[in-house]
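>>> build me a model:
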Amino acid sequence: MLFIEHLLSEYGYLAIFLCVFFEGKTAILVSGLVAHYQSITIEGAIIASFLGMLIVDHIFFFIGRIFLHYNEERQGDKVHEEKVNKIKAFFKKSPFLTVLVFRFIPGCRVVAPVTLGMLKFSRFKFFIYDFFVSAITAIILVFIGYYLGDFVKKYIAGTHKYDLIIGLVVIIIVIVIFLYRKWKVRSWFK
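Sure thing, here's the model as predicted:
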């Protein structure tokens, strides 16, 4: 997170815009933190975050459209028809809420735009929904970063002496989970 903070304070709004493509919510939160220390303005952080999210979502939306055409050419429309119908029903039931909720689920930020693109969802409706969702997200996350600036800075500064211990504990937990799942899968096939 300190690397992102350095980029944002050094390169400002352009860095926020570009970091949103790769780090998403983390970059937006850190932009609020940097705005707290007045390297950039809070309004500029919100606008750069908003534009970055809007553009990256539309890139993923059009990737979904491209993948749809590739998938139709390759496999036809009848492959996994039941699963596709369930997904369509879920996304078409409440697309605004779907785009909003998926924005805050870690690792799922790409899922909603790609899926809506594959479902031939209206480009105009997606733009409208994503416009408001991106605005809401940018405002909320930048203000969270801004108002928690002192707390976050103290927390980050205090964790450096425990980095090695935390890292080792996380690695051990991951290895244990991996071995447990591997053992569980093997016992399933016996």
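>>> and the longest helix belonging to the chain, what's its mean pLDDT?
In the chain, with assignment by DSSP state H, the single longest helix is helix 42-75. The predicted model assigns helix 42-75 a mean pLDDT of 82.
>>> same for it, what does it pack against?
With contacts taken as 3 or more Cβ pairs under 8 Å, 6 or more residues apart in numbering; DSSP states H and E, helix 42-75 sits against helix 13-22, helix 25-36, helix 111-118, helix 123-147. C-beta coordinates here come from the backbone N, C-alpha and C atoms, glycine included.
>>> output the below-cut-off pLDDT ranges for the chain.
In the predicted model of the chain, residues 1-9, 69-84, 87, 106-107, 152-167, 182-190 satisfy pLDDT under 70.
>>> closest to the centroid, which residue in it?
Taking Cα atoms, centre = their mean, the centroid of the chain lies closest to Arg109, which sits 3.8 Å from it.
>>> SS state for it?
coil (DSSP: H, G, I helix; E, B strand; the rest coil).
>>> ok, Met53 - contacts?
Val20, Gly24, Ile28, Asp130, Ser134, Thr137, Ala138 (Cβ atoms under 8 Å, 6 or more residues apart in numbering).
>>> from the residues you listed, which would you call buried?
Val20, Gly24, Ile28, Asp130, Ser134, Thr137, Ala138 (16 or more other Cβ atoms under 10 Å).
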